[in-house]
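> Quick one, structure for this:
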Amino acid sequence: MQKAEKIWFDGEFVPWENAQVHVLTHALHYGTAVFEGIRAYECLDGTSSVFRLEEHMVRLVNSAKILGITIPYTAEELMEAAIATLKINKLKGAYIRPLTFIGDGAMGVFPGKNPIRTIIAAWPWGAYLGEEALEKGIRVQTSTYTRPHPNTMMTKSKASGNYVNSVLAKSEALANGFEEAILLDAQGYVSEGSGENIFMVRDGVLYTPNVASVLQGLTRDSIICLAKDMGYELVETVITRDMLYTAEEVFFTGTAAELTPIREIDRRTIGQGRIGEITKILQQEFFNIIKGGNEDYAYWLSRYSI
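Numbering: from 1, shown residues only. Okay, here's the model as predicted:
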């Protein structure tokens, strides 16, 4: 990771190395934290923009609410803090990580009146799965780990503790020679990747798992909107792993992964073993949009200048 100079911490900017917490921080022991992953891009006109910043910060506030945590900042204040973090670090493009967590105080499962802490960090970051992956696609495996039942981990909250499941799945995939994992839900249907949503194409129709078993990703939502605007039929439904095997195209979406094609699943070649035609069209237009090249989607961008 390439460090930046400062991190926004509870309303103040502190040097990167000084953004520290006590070892008895409640979130460190019990996973009581919520976070977002957000991207800022340098645009075609030389300015910069943050992609769907408002929706990300609203989701952060809602994730905390699900866990019974009240963030001491509004979504609007967090948006302003994110832009300020980019500017003070002179970042024209970056990955942005807001995090709210329960701090140290009472030690036990119930956090009592422990303080609620909030940070926003930003740093330069390229393609999550590699630049080559965006063009050629990646190899993935169906994980032996299952996504939690919705009533076990509050799966609509982007809670830090939930991601132990993703860490296990991703680590397993890498150990087995793959680049990413696909997890099934508690009923055995396709859910999502370790940190991505998934789409497939069959007979020119786009399919993606319905929201019952997935985190409603903002990149997912953007691709659904874009695909429909471009005239593609899109169906949200249950998907089985063998449906993926016989799909013509499969791809991941996510803030980190952006739009990454999948060329192989469980050692079965998907389509022609390279990025598919519809995937490529959507990927190109998505990158055009996030860099400010399509004014029809300007409302997704929060512009700023360094």
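
> List phi and psi for the residue of the chain most remote from its centre.
Distance from the C-alpha centroid of the chain peaks at Ala106, with 31.4 Å (C-alpha atoms, centre = their mean). When read as degrees, to the nearest 10, the backbone of Ala106 gives phi -60, psi 140.

> before we move on, what about Trp8?
phi -80, psi 120.

> Same question for the one 4 residues further on.
For Glu12, the backbone dihedrals (degrees, to the nearest 10) come out as phi -130, psi 150.

> so what's it bridging to?
Using DSSP bridges, the bridge partners assigned to Glu12 are Phe9.

> hang on, the earlier thing: which residue, neighbours along the chain excluded, lies closest to the residue farthest from the centre of the chain?
Nearest non-adjacent residue to Ala106, counting by C-beta to C-beta, 6 or more residues apart in numbering: Gly112, 3.6 Å away. For the C-beta atoms, the positions are set from N, CA and C on the backbone; glycine is no exception.

> give the contact list for the residue farthest from the centre of the chain.
With contact taken as C-beta atoms under 8 Å, 6 or more residues apart in numbering, Ala106 is in contact with His26, Gly112, Lys113, Asn114.

> Show the model's pLDDT score for it.
pLDDT for Ala106: 91.

> Could you do the one 4 residues further on as well?
Reading off the confidence values, Phe110 has pLDDT 96.

> quick one: it and Glu42, what's the gap?
In this view, Phe110 and Glu42 are 45 Å apart by C-beta to C-beta, to the nearest Å.

> same check, this time on Gly103
Gly103 is 35 Å from Glu42, where distance means C-beta to C-beta.

> likewise Ile96?
As defined by C-beta to C-beta, Ile96 lies at a distance of 14 Å from Glu42.

> Show me which of those two is the more surrounded one.
Ile96 (24 against 16; other C-beta atoms under 10 Å).

> Kindly provide the distance from that one to Leu78.
From Ile96 across to Leu78, the span is 10 Å (C-beta to C-beta).

> Look up the residues that both of those two are in contact with.
Counting by C-beta under 8 Å, 6+ apart, the residues touching both Ile96 and Leu78 are Ile120.

> burial count for the nearest residue in space to Thr47 that is not next to it in sequence?
Computed as C-beta to C-beta, 6+ apart, the closest residue to Thr47 that is not its neighbour in sequence is Ser305, at 5.1 Å. Neighbourhood size, Ser305 [other C-beta under 10 Å]: 10.

> What of Glu12?
8.

> The stretch 151-300 of the chain: strands as residue ranges?
Taking DSSP state E, counting those that start in this stretch as the test, the strands found in the stretch 151-300 of the chain are 180-184, 190-193, 197-202, 205-209, 234-237, 249-254, 258-265, 268-269.

> Return the backbone torsion pair for the closest residue in space to Phe35 that isn't next to it in sequence.
Spatial nearest neighbour of Phe35, chain neighbours left out: Leu99 (4.5 Å); criterion: C-beta to C-beta, 6+ apart. Backbone dihedrals for Leu99, given as degrees, to the nearest 10, come out at phi -150, psi 130.
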